[in-house]
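Enquirer: Predicted structure and sequence below. I'll ask about it afterward.
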Amino acid sequence: MNILLVEDEARVADFVLRGLRAEGWTVMHAADADMGLELTMQEGFDVIVLDLMLPGLPGQDFCRKLRARKDLTPILILSALDALDERVEGLRIGADDYMVKPFEFDELIARIEALARRSRQFVKDSSAAVLQAGVIALDLETLEATVEGAPMDLTAKEREILKLFLSKPGRVFSRERILNSVWGASEDPLTNIVDVYVGRLRRKLGTHGAELQTVRGAGYRLRAK
């Protein structure tokens, strides 16, 4: 799972980061809302954990701006604001859940997992049977990948990588995100296995291999069509 934590208090951020990473999840940290919004443009997240009392842009405006972009990533507000009207407003402006500080870490884990499950089910229920970007396509029912209508002979891992890119064409996926999504937390994060498999996938795309672009210092993306 890939999580974004938007929290300005260093002590809280360090505690949450260490705990979530101990679960085997990939976690990125933003110390303010503007940085958090920028990260959501660069990376796809499964859940966002958001403080409200942030320097500069408040967490409420983070929610509004993210939803205005039609980004439906689940948001869990984690805030010391415990008044009923604060909690109601947080949910009404786009958050999916609300926890009050101080909190029990086991409950935070459980709520994140619940949000991720609901999000995956929504995607499963609402997604098209075929993911496509230009001439590159993947049928989610038959698992057949094609380029210009011709079938591609992909391994299971290559197909999972292609599915990740096709799920959000144009979005940059970091090597860590690809590793976590396709291989899970058990794989050594220092391995070059992601680069190897992306290279293999490019070759199998033939003349369209250039559509799978390297973004220097950031990761890879499939050019949006």
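Expert: Cool, got the structure. Residues are numbered from 1 along each chain as shown.
Enquirer: Find the nearest non-adjacent residue to the most centrally placed residue in the chain, please.
Expert: The geometric centre of the chain, computed from its C-alpha atoms, lies nearest to residue 45 (CA atoms, centre = their mean), at 1.9 Å. Distances taken as CB to CB, 6 or more residues apart in numbering place residue 4 nearest to residue 45, at 4.5 Å, with adjacent residues excluded. Glycine gets a C-beta too; all of them are placed from N, C-alpha and C.
Enquirer: which residue ranges form the strands in the protein?
Expert: With DSSP state E, the ranges of strands along the chain come out as 2-6, 26-30, 47-50, 75-79, 97-100, 130-133, 136-139, 145-147, 150-151, 212-215, 219-222.
Enquirer: how about those, which one is nearest residue 117?
Expert: Nearest to residue 117, of all these, is strand 47-50, at 10.4 Å by CB to CB.
Enquirer: Pass me the low-pLDDT residue ranges in this structure, would you?
Expert: Residues of the chain meeting the criterion pLDDT under 70: 119-128, 185-190, 225.
Enquirer: domains for it, by residue range?
Expert: As assigned by automatic domain parsing, the chain contains the domains 2-125, 130-222.
Enquirer: So what would you say the end-to-end distance of the shortest one is?
Expert: So that's domain 130-222. 16 Å (CA to CA, to the nearest Å).
Enquirer: Quick check: residue 82 touching residue 102?
Expert: No - using CB atoms under 8 Å, residue 82 is not in contact with residue 102; the gap is 10.2 Å.
Enquirer: How many neighbouring residues does residue 130 have?
Expert: 14 (other CB atoms under 10 Å).
Enquirer: so how far is stretch 81-99 off the chain centroid?
Expert: 23 Å (CA atoms, centre = their mean, to the nearest Å).
Enquirer: What of stretch 84-104?
Expert: On CA atoms, centre = their mean, the centre of stretch 84-104 falls 21 Å from the chain's centre.
Enquirer: buried sites along that stretch?
Expert: Neighbour-count burial for stretch 84-104, with 16 or more other CB atoms under 10 Å as criterion, is recorded at 86, 87, 89, 90, 93, 94, 95, 96, 97, 98, 99.
Enquirer: Return the residues in contact with residue 131.
Expert: 137, 138, 140, 163, 166, 167 (CB atoms under 8 Å, 6 or more residues apart in numbering).
Enquirer: can you redo these as TSV with neighbour count and distance to residue 39?
Expert: Output for the contacts of residue 131, formatted as TSV (neighbours: other CB atoms under 10 Å; distance: CB to CB, whole Å):
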residue	neighbour count	distance to residue 39
137	18	29
138	22	27
140	14	28
163	17	23
166	18	22
167	17	18
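Enquirer: Tell me the one of those residues nearest residue 191?
Expert: Of these, the one sitting nearest to residue 191 (CB to CB) turns out to be residue 163, at 20.7 Å.
Enquirer: residues touching the nearest residue to the closest one once chain neighbours are set aside, list them.
Expert: Among residues not flanking residue 163 along the chain, residue 138 sits closest, at 5.7 Å (CB to CB, 6+ apart). The contact partners of residue 138, by CB under 8 Å, 6+ apart, come to 130, 131, 132, 144, 145, 146, 159, 162, 163, 166.
Enquirer: hey, what's residue 138 bridged with?
Expert: residue 131, residue 145 (DSSP bridges).
Enquirer: how far away is it from residue 97?
Expert: 31 Å (CB to CB, to the nearest Å).
Enquirer: same check, this time on residue 142
Expert: 36 Å.
Enquirer: Kindly report the same for residue 195.
Expert: Taking CB to CB, one finds residue 195 at 36 Å from residue 97.
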